[in-house]
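Q: quick one: sequence and predicted model below, then my questions.
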Amino acid sequence: MKELTIFVTGGSGYLGSHLIAHLQHEGGYRIGYSFLTNDVPPGTFGDAHGCRVDLATGEGLDSAFEALGPVDVVVNTAAISQPALCEKDYARARAANVPEKLLDALERQRRASGVEALLVHISTDQVYEGSRAHWSEADPTAPVNAYGRSKLEAEEIIRARWPRAVVLRASLIYGPQPPFPVGRPLFVQFVEDSLRQGKPTKFFADEFRCPVFVFDICRVVAHLARLPPGAPAHNTYNLGGPDRMSRVDMAVAVARHFGYDLGAIVSIPSAEAGDRGYQSPPDISMVMDRLRQDLPSITLTSFAQGLALIFPNPPKQ
C-alpha cells in the first residue's frame, strides 16, 4: 500500500486530534497537521509533523507544505464552530471558515510539483434551514445563522476553485475524550457528569440532529483518502448518525445506558432559553443514503452503540 502524505488542519481540535490518532493507528500515512490557538503537547502524535498555521491569513502554510513535500490529501477540520462567536464577528468567522488561503497553497503546490491533492472539507448540517426533518444533499441550502452561512460559502468556493474535493456535512460530533484536552466541554460527557450527580439539567426537546460518532468521520476520511482520482461519485455528502435525536433524546439515552434517574432531565422548548445570540435551525436531521450508496463499506454507528464504545461496562445505579 502506497504511503500517503496527509495534512490535517485543526489538529489541536476535537475531530482533528482524533483523526490524526486514527490515521496513525491505521498506518500507511505520513502525517502533518496544523494548530493555532491550542498547542499540542510534545510527543502526542509521535513523528507527525506539527506546524503553527493561521488559515485566515495563510501564515505558516507554505512552511507546512514545504516540510511535508508534495501533499496527497488535505483534511480541513479547522473552523470557528461556535455560532454565537460567528454572529459577533462574521468577518473573523469567514476568514477562518472559508479556506481561501488553503486553496491558494494547494494551487501553488500543483503548479510547483504537478500534484493535485484531494481536499476533504468538513462542513456542517447547519447549511440547511431546518424547517422539516430528513434533509438530503439535493435539497436547497438556506442557513439561518452566520456559522452556517460561512460554511456554505466555503463549500461554494471550494467547488468553484478545486474540483478534486469532497465536502462532508457533519452533524453534532460526539465520542470519547480526545488524545489531549481541547479546551471545551463535550456534550455526552457533560450529560453523564450532570446525571451522575443528580443535577436537574435543562435540555432542548425541539431541536433535532443526527449525532455522528467521531470515529465514523475518521473512517470515512480514511476511505476517501485511498480512492483513485475521479472517485467517489459525488463531491458532497451528509455525514450524521442513523438516529434523529433532540438533546432530550440524547440525555435519556445516556441515563438509560448508566441506569441514572430520568428525573434529573428537564425537557424545555428552545424558546425558553431566551436570546442565545444566534438563530438555531429546529430540525436539521439528515438522510445518509448517498453516503451509504457510494461508500457501502462504511457502517454508521447508532447513538446507543456509540455510548457503549465511549462508556463500556458502566456501573449500573
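A: Sure thing, it's come through.
Q: following the helix ranked longest in the chain in sequence, what is the next regular element?
A: Identified as the longest helix of the chain according to DSSP state H is helix 146-161. Next helix or strand after helix 146-161 toward the C-terminus (DSSP states H and E): strand 165-170.
Q: tell me which strands that following strand pairs with, and in which orientation.
A: Neighbouring strands of strand 165-170 in its sheet, by DSSP bridges, are strand 118-124 (parallel), strand 236-239 (parallel).
Q: can I get the CA coordinates of it in CSV?
A: Coordinates of each C-alpha in strand 165-170 appear next as CSV, following Å, rounded to 0.1, in the frame of the first residue of the first chain:
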residue,chain,number,x,y,z
ALA,A,165,-12.6,18.0,-3.3
VAL,A,166,-15.2,16.2,-1.1
VAL,A,167,-17.4,18.1,1.3
LEU,A,168,-18.7,16.2,4.4
ARG,A,169,-21.7,17.9,6.1
ALA,A,170,-21.1,16.6,9.6
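Q: pull out the buried positions in that strand.
A: For strand 165-170, burial by neighbour count (16 or more other C-beta atoms under 10 Å) applies to 165, 166, 167, 168, 169, 170. For every residue, glycine as well, the C-beta is placed using N, CA and C.
Q: from those residues, which is closest to residue 272?
A: Here the nearest of these to residue 272, counting by C-beta to C-beta, is residue 170; it sits at 27.4 Å.
Q: measure that closest one to residue 77 for me?
A: Between residue 170 and residue 77 the computed distance is 9 Å (C-beta to C-beta, to the nearest Å).
Q: how about low-confidence regions in the stretch 201-317 of the chain?
A: For the stretch 201-317 of the chain, the stretches with pLDDT under 70 are 316-317.
Q: and with 90 instead?
A: Applying pLDDT under 90 to the stretch 201-317 of the chain flags the ranges 229-233, 273-274, 313-317.
Q: angles on the backbone of residue 217, please.
A: Torsion angles at residue 217 (phi, psi; degrees, to the nearest 10) stand at phi -60, psi -40.
Q: thinking it is in contact with residue 19, fair?
A: Yes: taking contacts as C-beta atoms under 8 Å, residue 217 lies within contact range of residue 19: 7.4 Å.
Q: compare these two (neighbour count), which wins?
A: Shown here are residue 217 and residue 19; by other C-beta atoms under 10 Å, residue 19 has more neighbours (27 against 24).
Q: can I take it that that one is in a helix?
A: Yes: assessed with DSSP: H, G, I helix; E, B strand; the rest coil, residue 19 lies in a helix.
Q: relative to residue 64, which of the buried residues of strand 165-170 is nearest.
A: Set against residue 64, the nearest of the buried residues of strand 165-170 by C-beta to C-beta is residue 165 (18.6 Å).
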